[in-house]
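1. build me a structure from this.
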Amino acid sequence: MIDPAELARAFDRPTHGPLAGVVVADFSRVLAGPYATMLLADMGALVVKVESPGGDDTRRWRPPVRGDESTYFLSVNRNKFALSLDFADAGDLAIAHRIVARADVMVENFRPGALARFGLDAASVRARHPSLIVASLTGFGSGAGAALPGYDLLAQAASGLMSVTGDPDGPPTKVGVAVVDVLAGLHAAVGILGALHARERDGEGQRVEVDLLTSALSGLVNQASAVIAAGASPGPLGNAHPSLAPYEPFATADGTLVIAVGNDRQFAQLCEALETPDLVEDARFATMPARNAHREILHTLLTEALRARPAAEWTARLRDAGVPCGPLNDIAGGIRMADELGLDPVVTAGPAESGVPTVRHPIRWSSGDLDYSKAPPERDADRDRILRWLAADSA
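-> All right, here's what the predicted structure looks like:
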């Protein structure tokens, strides 16, 4: 780690924060790696984003755009300092090595083996810098799956996630966001934090490996457990749940209401609020396994009752009765709801007058030490500042 005061002078980084003083050499691009390094940057780490001369691929993934910048890129690159390097150029490669030499953590998601010819592979850099933590993200591991391309869609398909997503009579469906990349990014951030803690104890760095396929299987939680532990064969249920009923959207007099009943007590409370006490006494619905076995008829009976009133009226009534329920929002509605609940979901990265609105870091610390001081960087925007910092270290 570097004295946070030094980084504050060189980069205007915060001197307080969970990771103040930690330097991250970020050689990752697209989503999983950049998401992980953005979370670290929010916590105060100095993240030096090294891009190819053409820039991160997501700079060109458009529409939509804000100004002339891809909103995809903006979503995962705040608080970073960027420079572009061509590893085929000896001078640029030397700069890359100097950045790694100053780093606590290196993050990369190149094809396994691709960095070896530049001496930037995990084995080479860790041999020179034993305290360095190298986090490598791949699609399907660094062994037999090394040659397989690491795209989220391929991981969703290969893991089985798509097989349990969508309507029962429809085709397998991908999730509407690159959720496996996000999971892998979270896993990488957790692994890096664990490795930093271990280094504090024993002084040694280590390699942290995360692959999309295992991240997806871990994220399948109960669905994967059903296969591994019970030999089940889960399939798509639309918006229903494989183990809980009722646990899905329902039509009301004027819109959709989501009801999430997790136990028999909540089901009884639901029936009381709907003025359908006979459903509680019906043997078909008396227990959760029974409700699952008769979920179609239960859905029909509940919908008949719910169509009598508008969604807002049902929401108030069911919440008063202790029944978990809520609206079916679009993304803008989800942001508004979070704002109304005081969760402050949107922050500005960079100066208030010229910064970029973005979803805040998802974790809160009682210290409040989170940083949003720097907007996502333009390509090669911080080259001079980074080179001055490296030169000062070698002077």
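2. roughly how far does the spatially closest residue to residue 287 that is not a sequence neighbour sit from residue 301?
-> Leaving aside its chain neighbours, residue 287 sits nearest to residue 264 (6.3 Å; criterion: CB to CB, 6 or more residues apart in numbering). (Glycine included, C-beta is placed from N, CA and C.) In this view, residue 264 and residue 301 are 17 Å apart by CB to CB, to the nearest Å.
3. can you tell me which helices and strands the longest helix seen in the chain packs against?
-> As assigned by DSSP state H, the longest helix anywhere in the chain is helix 179-202. Helix 179-202 sits against helix 32-42, strand 105-108, strand 133-138, helix 152-159, strand 207-211, helix 212-219, with contacts defined as 3 or more CB pairs under 8 Å, 6 or more residues apart in numbering; DSSP states H and E.
4. ranges for the helices of the stretch 1-150 of the chain?
-> 4-11, 32-42, 71-74, 90-102, 122-128 (DSSP state H, counting those that start in this stretch).
5. scratch that, the stretch 201-350 of the chain
-> 212-219, 221-230, 264-274, 278-281, 288-293, 295-306, 311-320, 331-340.
6. so can I have a markdown table of those helices showing distance to residue 393 and mean neighbour count?
-> Formatted as a markdown table, the helices of the stretch 201-350 of the chain follow (distance: least, CB to CB, whole Å; neighbours: other CB atoms under 10 Å):
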| stretch | distance to residue 393 | mean neighbour count |
| --- | --- | --- |
| helix 212-219 | 35 | 21 |
| helix 221-230 | 45 | 13 |
| helix 264-274 | 60 | 19 |
| helix 278-281 | 71 | 14 |
| helix 288-293 | 62 | 16 |
| helix 295-306 | 64 | 16 |
| helix 311-320 | 58 | 16 |
| helix 331-340 | 42 | 12 |
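7. domain ranges for the protein?
-> 4-220+344-394, 247-336 (automatic domain parsing).
8. okay but residue 125 is in contact with residue 131, surely?
-> No: assessed by CB atoms under 8 Å, residue 125 is found out of contact with residue 131, at 11.1 Å.
9. out of these two, which sits in the more crowded spot?
-> Ranked by neighbour count (other CB atoms under 10 Å), residue 125 and residue 131 place residue 125 first, with 23 against 13.
10. tell me, please, where in this structure the pLDDT is lower than the cut-off.
-> For the chain, the stretches with pLDDT under 70 are 394-395.
11. could you redo the last one with a cut-off of 90?
-> Along the chain, the model assigns pLDDT under 90 to residues 1-4, 6-8, 12-17, 352-354, 365-369, 392-395.
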